[in-house]
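> any chance you can model this:
(chains A, B, C and D)
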4 protein chains.
Amino acid sequence: MSDSIRVTVWNEFRHEKASPEIAALYPDGIHGAIASFLGEQPGIETRTATLDEPEHGLTEEVLANTDVLIWWGHTAHGDVSDEIVDRIQHHVVLEGMGLICLHSAHFSKIFKRLMGTTCNLRWREIGEHERIWVVEQGHPIAAGLPAYFEVPQTEMYGERFDIPAPDTLVFVSWFQGGEVFRSGCCYNRGRGKVFYFRPGHETFPIFYQPEIQKVLSNAVRWAAPNGGPAPTFGNVQPLENVQ
Amino acid sequence: MSDSIRVTVWNEFRHEKASPEIAALYPDGIHGAIASFLGEQPGIETRTATLDEPEHGLTEEVLANTDVLIWWGHTAHGDVSDEIVDRIQHHVVLEGMGLICLHSAHFSKIFKRLMGTTCNLRWREIGEHERIWVVEQGHPIAAGLPAYFEVPQTEMYGERFDIPAPDTLVFVSWFQGGEVFRSGCCYNRGRGKVFYFRPGHETFPIFYQPEIQKVLSNAVRWAAPNGGPAPTFGNVQPLENVQ
Amino acid sequence: MSDSIRVTVWNEFRHEKASPEIAALYPDGIHGAIASFLGEQPGIETRTATLDEPEHGLTEEVLANTDVLIWWGHTAHGDVSDEIVDRIQHHVVLEGMGLICLHSAHFSKIFKRLMGTTCNLRWREIGEHERIWVVEQGHPIAAGLPAYFEVPQTEMYGERFDIPAPDTLVFVSWFQGGEVFRSGCCYNRGRGKVFYFRPGHETFPIFYQPEIQKVLSNAVRWAAPNGGPAPTFGNVQPLENVQ
Amino acid sequence: MSDSIRVTVWNEFRHEKASPEIAALYPDGIHGAIASFLGEQPGIETRTATLDEPEHGLTEEVLANTDVLIWWGHTAHGDVSDEIVDRIQHHVVLEGMGLICLHSAHFSKIFKRLMGTTCNLRWREIGEHERIWVVEQGHPIAAGLPAYFEVPQTEMYGERFDIPAPDTLVFVSWFQGGEVFRSGCCYNRGRGKVFYFRPGHETFPIFYQPEIQKVLSNAVRWAAPNGGPAPTFGNVQPLENVQ
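Below is the predicted model:
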């Protein structure tokens, strides 16, 4: 195992090609922006992968060498092949790979697969104000953050967010227009850890905010495999001759 | 056991004596108002108790005949005797009595005792608007409610609310001034169930709102003892001669 | 809505046809045995459905008139059509139908779909002794049970049970051969409630045990829809003109 | 802040003085044995404190310089002063100090204070066999462990363990005599983290077992403060002039 945490940042990478405004905001793609700030962190090394690469850039070999997979997708969830989704689920649940799903990845096949629910929500796109409150300050993902921070302009996501109750709820968002949202949700799924983080709308410079970057680098460290035991499934013998 | 759920509504009953405005709003006291609407529900019978009665109206005999205790207190938490708090804790944890703590009862001795944390929070009293979102629609306490409901004017309570993460989080509040709050929190504590519900500020007619009344009658039914087993503590013998 | 809880007991119904011993134990099928004792409970009405019926007996009309679906399957999970699994998931998550999965239904498509994990486990079939401990006595499913109860002979299931941590863990099993198991697991999934209950191996008369019958009738009452709000997903307008 | 995690190992230190057998097993006291193996870990520095020292060795200055406090107590819980318990609770909940409670510390004042329940249990002292199963393999405390490990001879603790359901349940124990136990329980309490770990009976060489030592060093790293935000309690102003 490498000493560094090996992060693969996956992006559907369609908006940046279709919209000059989004391309101007993220000239190297959202994946490029995320990989760039994470790669500057000590002990983290990054690579990227995108939808239109062969196997979406997520070959067995790539996943076998990924400690944490970050996922950004929005308009093309349906284009992700079920076979690759199976592969990712296997690596999370049975191999312990971490998975971080960002913003509209709430509707990605892999997130819905791991949650078992529709992952649907309310939304509104008027560039309103968001305040993100830390509700579990002792969690590793809250390290170095203030009691709350703000995203000046964003797309709103509101409850009911149709997810299983998180194993740990770290952030709750307030929106100007009257909604709340469970914005930072931690899950154990098999040997792996999953983190859903709400911010990240493509039309605003959200991934350049220092607090957002802090959350993501914390989340990478939290989600990295811990070296816990592989489970022993199947037919087994009884314990014999105990004292 | 009675066929009805026996509810004791406890109120510190100080504001209503000190403030003509509050007395006008709650001429029979907050306890009287709550006992009145609950007592009209089928299968619920109510009595009341207040701080200035002997033993705060919560004798061993009263608690032994209470299925669910509702608690409203604010300015006089320190006047509640530790011996009575011990008694309530015993009835919740070991006898299965339900406990519903309302609004400023977040700072009551019994709630802090059962939580183990400070139960502190942010607050503001400017009569602002609150929207209460249902985040766990399948929970019994959400029965018959809309996706959200509103309290037109209230005191604000905001995160970080210093509580253990609820076993089930049913409601999250949005406030006009920028805060969010975990407003409906369910806990198992020993054989008993505990529900914290945020609304209920004494200067507004909150306990006359139909949605608030619906929540409280749902909560009473949820918190009533279920007839589960008494635990068997202490020194025990091993299982012998299993097949 | 009917005043009674409408339960549909589903069974794969293959063992009873293939094995004279199992047929002797459950002459009306496992579904028949379960429907029989549940149907004797006040306020519960039952019907049955099996794999080899058209649409596995689970038409849209049947599910629309089912409050709680009970599932027993073992050797033929793969024969259940994905379309019916989609339909059941829809009724649980979006319509609030309860789902109770028994014993080897840990590996059913619908349970794996709702969990997002492999739901794999350790097992051993030597007819050993099981002790089922109540660890959350205040939960409705523990009503009327002793502190623990025993299954004299059973197939063993052992940890690691590859499930998400239950929202509430009600039972933990002890097995003679050295294993433990989270045997009673409650989940909220969307508007619906899901209960996994471990006992129920086809070669032993487990569904005739009074404690097992008590658990199932409690679980039916717990899992029945509560009449909570349907979520409002999609594009929404902001709150206007508060105060 | 020191670069190392600063651990204070607290022991009531009465058994070792009263019993030659226990003194032979733990010649430097249980605290000495624990501090010794932890102190050999990279990035951990230890000190010890005991009941009979002034302020039980836990002055404000000591706690202000403690990242994680480990607690072993059994026969003298009642001799711990309430003032010191208040101080520890303050450091956990408001300052983020980690707390690890071992074995009979289930009945310590500080653990009961933080739980809000009786923390009672079943027990038996016949030196029986214990198997400890990892039920959440991805948790940091499970790092480097096998799927299960054994304690050859121990005192039994059995359910119902009267605690709030853990935020994360990491271990479940099996005992030869027929009981199960939630043996590794993680809690967030305010800014701090609390871990209860069952093994550690004074008459057996349990703290010399490599798996036990591994659990404790993992737990120290998990429980150390993370640098999350201090909450901002009290009267606050509304958000103004959002976009």
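> how about the strand of greatest length in chain A: buried residues?
Using DSSP state E to define each element, chain A has its longest strand at strand A:122-134. Within strand A:122-134, the residues scored as buried using 16 or more other CB atoms under 10 Å in any protein chain shown are A:R122, A:W123, A:R124, A:E128, A:H129, A:E130, A:R131, A:I132, A:W133, A:V134. C-beta coordinates here come from the backbone N, C-alpha and C atoms, glycine included.
> so which of the residues you listed comes closest to chain D?
Distances from chain D to these, taken as CB to the nearest CB, are shortest for A:H129 (4.0 Å).
> kindly reformat the buried residues of strand A:122-134 as JSON lines containing pLDDT and distance to C:F207.
As requested, the buried residues of strand A:122-134 are exported to JSON lines (pLDDT from 0 to 100; distance: CB to CB, whole Å):
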{"residue": "A:R122", "pLDDT": "97", "distance to C:F207": "43"}
{"residue": "A:W123", "pLDDT": "98", "distance to C:F207": "46"}
{"residue": "A:R124", "pLDDT": "97", "distance to C:F207": "51"}
{"residue": "A:E128", "pLDDT": "95", "distance to C:F207": "55"}
{"residue": "A:H129", "pLDDT": "96", "distance to C:F207": "57"}
{"residue": "A:E130", "pLDDT": "98", "distance to C:F207": "52"}
{"residue": "A:R131", "pLDDT": "98", "distance to C:F207": "53"}
{"residue": "A:I132", "pLDDT": "98", "distance to C:F207": "50"}
{"residue": "A:W133", "pLDDT": "98", "distance to C:F207": "49"}
{"residue": "A:V134", "pLDDT": "98", "distance to C:F207": "48"}
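> let's have those in JSON lines, adding distance to C:I84.
Shown next, in JSON lines, are the buried residues of strand A:122-134 (distance: CB to CB, whole Å):
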{"residue": "A:R122", "distance to C:I84": "30"}
{"residue": "A:W123", "distance to C:I84": "31"}
{"residue": "A:R124", "distance to C:I84": "36"}
{"residue": "A:E128", "distance to C:I84": "42"}
{"residue": "A:H129", "distance to C:I84": "45"}
{"residue": "A:E130", "distance to C:I84": "41"}
{"residue": "A:R131", "distance to C:I84": "44"}
{"residue": "A:I132", "distance to C:I84": "41"}
{"residue": "A:W133", "distance to C:I84": "42"}
{"residue": "A:V134", "distance to C:I84": "43"}
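> relative to A:M97, how far out is the residue nearest to A:R47 when sequence neighbours are not counted?
Nearest non-adjacent residue to A:R47, counting by CB to CB, 6 or more residues apart in numbering or on different chains: A:T8, 5.4 Å away. Plainly put, A:T8 is 9 Å away from A:M97 if you go by CB to CB, to the nearest Å.
> what do you get for A:A64?
For A:A64 relative to A:M97 (CB to CB), the value is 9 Å.
> quick check: neighbours shared by the two?
Jointly contacting A:A64 and A:M97 under the rule CB atoms under 8 Å, 6 or more residues apart in numbering or on different chains are A:H91.
> listing partners with orientation, what would you give for the longest strand of chain A?
strand A:148-158 (antiparallel), strand A:168-175 (antiparallel), strand C:234-235 (parallel) (DSSP bridges).
> send the alpha carbons of it over as CSV?
What follows is strand A:122-134, C-alpha atoms only, in CSV (Å, rounded to 0.1, in the frame of the first residue of the first chain):
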residue,chain,number,x,y,z
ARG,A,122,-36.7,19.5,-3.5
TRP,A,123,-34.6,22.0,-5.5
ARG,A,124,-34.6,25.6,-6.8
GLU,A,125,-32.1,27.4,-8.9
ILE,A,126,-32.2,31.1,-8.2
GLY,A,127,-28.7,31.6,-6.8
GLU,A,128,-29.8,32.0,-3.2
HIS,A,129,-27.8,32.1,-0.1
GLU,A,130,-26.9,29.0,1.9
ARG,A,131,-25.6,28.7,5.5
ILE,A,132,-24.1,25.4,6.5
TRP,A,133,-24.2,24.6,10.2
VAL,A,134,-21.9,22.0,11.9
